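Undergrad: here is the input, now give the coordinates:
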Amino acid sequence: MKQINTDVLIIGAGPVGLFSVFQLGQLGMKSCVVDCLPQAGGQCSELYPEKPIYDIPAYPVITGNDLVENLKNQIKPFNSEFLLNQRVDQVNYNKDQFICETSNGNKISSKCIFIAAGNGAFGPNKPPLENIENFENISVLYNVDKKNIFLDKTIAIAGGGDSAVDWAIELSSITKKIYFIHRREKLRAAPNSVEKLKSLSLDKNIEMIIPYQIDSIQGQNGKIETLTVKDLNNETKKLEVDYFLPFFGLSTKLGPISNWGLEIEKKILRVDQSSCQTSKKGIYGIGDICNYPGKLKLILTGFAEAAAASHHCYKLVFPDKSLHFEYSTTKGINTPG
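TA: Below is the predicted model of the structure:
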């Protein structure tokens, strides 16, 4: 067990949490990062490591993994301590300090807290199939970690949202065949992506299995052999597949954060728009976990919120100092010590 003293505790090691390390470091503040996942990167690393992202400035396209690696390289000069595979369970306030304890028994004292926990603790919504756990992480996958395992394979993708549609499009160039399964005609994904999927299904290796839903899985030793689907009339068909990728969204919960006396609305922290400070002084919400009028759930919005929160908390960390704003082009990297 560790006892850590720092200026700002960052809860969440996704892109916004990582960029907070940089922003705080540039202003001379130390940070410690806690995340319940075993590696930094948040949803980008856990769920979408190889999925292309198109709306990061100066990167026409970048994968989730590459974005996280770039951010990790950017924050190396600041030597922030990472406590992974654990969550912050308790937050107490004592004499201008937050005293926090993690699920592993580590204790962190900090002047401020940044909550950059994305959508909170998350996990995939799983199909209600009797024996699906026997195939999970072998031939039933809830995220794509390495695309090359699908090379020349037959796969089934189920779902009607952006993840299902985007991955069907992305993997169509390397798979032998894709069965795209959805229970209704209308798809919820972005209209342009839906049109592209339908176009690919006319002259490529994508077969639309609509309207059908998953009925059962057959196979042995964790390897799927057939997937049984049924239509609205309960008529069934069997699909021979190597992998099954169900994209039914995520189930999320705030976990211990909901017990910290913060103003919460629909599992989202209400924050002041200009500073990202929550209803409790010294605690900030940034990224997807916070909301205010006009909020956009974009990674680049979270980056801006990290900068705003860092500048606002400076006077709480250093009450006797004045902050003089400088561009990084002027001062370079503010390397500690």
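Undergrad: and residue 252, that's in a helix?
TA: No - assessed with DSSP: H, G, I helix; E, B strand; the rest coil, residue 252 is strand; it does not lie in a helix.
Undergrad: now do the SS call for residue 315.
TA: Recorded secondary structure, residue 315: helix (three-state DSSP).
Undergrad: excluding its backbone neighbours, what's nearest it?
TA: Nearest-residue entry for residue 315: residue 323, 7.1 Å, with adjacent residues in sequence omitted and distances by CB to CB, 6 or more residues apart in numbering. Using the backbone N, CA and C atoms, a C-beta is placed for each residue, glycine as well.
Undergrad: at which residues are the strands of the stretch 51-200 of the chain located?
TA: In the stretch 51-200 of the chain, the strands defined using DSSP state E, counting those that start in this stretch lie at 52-53, 62-63, 81-84, 88-94, 97-102, 107-110, 112-115, 121-124, 154-158, 177-181.
Undergrad: residue 50 should be in a helix, yeah?
TA: No - using three-state DSSP, the secondary structure at residue 50 is coil, not a helix.
Undergrad: my guess is it contacts residue 150. True?
TA: No - contact between residue 50 and residue 150 fails when scored by CB atoms under 8 Å: they sit 10.7 Å apart.
Undergrad: and the nearest residue to residue 229 once chain neighbours are set aside, what's its pLDDT?
TA: Leaving aside its chain neighbours, residue 229 sits nearest to residue 212 (4.2 Å; criterion: CB to CB, 6+ apart). Looking at residue 212, its pLDDT stands at 96.
Undergrad: for the residue positioned nearest the centre of the chain, which non-adjacent residue is closest in space?
TA: In the chain, the C-alpha nearest the mean C-alpha coordinate belongs to residue 43, at 2.2 Å (CA atoms, centre = their mean). Distances taken as CB to CB, 6+ apart place residue 118 nearest to residue 43, at 5.8 Å, with adjacent residues excluded.
Undergrad: so the one you found touches residue 290, yeah?
TA: No - look at residue 118 against residue 290 with CB under 8 Å: they stay out of range, at 10.5 Å.
Undergrad: mutual contacts of these two, please.
TA: With CB atoms under 8 Å, 6 or more residues apart in numbering applied, the contact sets of residue 118 and residue 290 do not overlap.
Undergrad: quick one: low-confidence parts of the chain?
TA: For the chain, the stretches with pLDDT under 70 are 121-122, 337.
Undergrad: would you map out the domains in it?
TA: Using automatic domain parsing, the domains assigned to the chain come out as 3-123+251-331, 126-248.
Undergrad: hang on, the earlier thing: who wins for proximity to residue 28 among the strands of the stretch 51-200 of the chain?
TA: Set against residue 28 and scored by CB to CB, the strands of the stretch 51-200 of the chain come closest in strand 112-115, at 13.7 Å.
Undergrad: pull up the pairing partners for that closest one, direction included.
TA: Strand 112-115 has the following strand partners under DSSP bridges: strand 8-11 (parallel), strand 283-285 (parallel).
Undergrad: rewinding a little: from residue 2, how far off is the residue nearest to residue 43?
TA: 24 Å (CB to CB, to the nearest Å).
Undergrad: more neighbours: those two, which one.
TA: Set residue 118 next to residue 2 and count neighbours by other CB atoms under 10 Å: residue 118 wins out with 25 against 12.
Undergrad: so what's that one up against?
TA: 12, 14, 16, 42-43, 287-289.
Undergrad: identify, from those residues, the entry nearest to residue 175.
TA: Of these, the one sitting nearest to residue 175 (CB to CB) turns out to be residue 43, at 23.9 Å.
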